[in-house]
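Novice: Attaching a predicted model along with its sequence, questions to come.
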Amino acid sequence: MGELLSRTPMTIHWHEGFMPNILERKSYTMTYLDNAATSWPKPESIYQTMDQFLREKGGNPGRGGHSLAIAAGEMIEETRMLVSCLINAAEIERVIFTAGCTDALNLGLKGLLRAGDQKSGKCSNLREEKRKVSPSLTGEG
């Protein structure tokens, strides 16, 4: 079974002038948290926890005032707080959860890219992911 967290040194090269106020360093450490997609079989505790969740807290958070929706929302906020402590996030609101990598990538791109950025040379060619990100960025310029 692999480690839950693995840290890999990673260098990110940014084009001149791209996000100058946010990114001041040139080297970062990447934390890989996609263990659920890569390890099989899962430990028995995972099956037990999922079973308990589906029986006791399996509501849609934010989708109603019933007990299951409230319990699911509270669980998400508790998890957000725990993750923010784990990664030393500056603000708990900076911890978000997405359905998967493509959703996370699209959300990040929408937050970073503006109309004309690719033409101006502020971002790299996204050809490999174009099929996945193009629908999300349609209408963004």
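Specialist: Cool, the structure landed.
Novice: for this protein, which spans come out with low pLDDT?
Specialist: Low-confidence segments of the chain (pLDDT under 70): 1-39, 114-141.
Novice: Ala69 - that's part of a strand, no?
Specialist: No. Using DSSP: H, G, I helix; E, B strand; the rest coil, the assignment for Ala69 is helix, not a strand.
Novice: Could you measure from it over to Pro41?
Specialist: 31 Å (Cβ to Cβ, to the nearest Å). All C-beta atoms are positioned from the backbone trio N, CA, C, and that covers glycine.
Novice: The two: which is more packed in?
Specialist: With neighbours defined as other Cβ atoms under 10 Å, Ala69 and Pro41 compare such that Ala69 has more, 17 against 8.
Novice: helix, strand or coil for the residue nearest to the more buried one when sequence neighbours are not counted?
Specialist: The shortest distance from Ala69 to any non-neighbouring residue, by Cβ to Cβ, 6 or more residues apart in numbering, is to Gly59 (4.0 Å). Put simply, Gly59 is coil when judged by three-state DSSP.
Novice: so Gly59 touches Ala72, yeah?
Specialist: Yes. The criterion here is Cβ atoms under 8 Å, and Gly59 meets it with Ala72 at 4.6 Å.
Novice: Since that was my last question, I'll sign off now.
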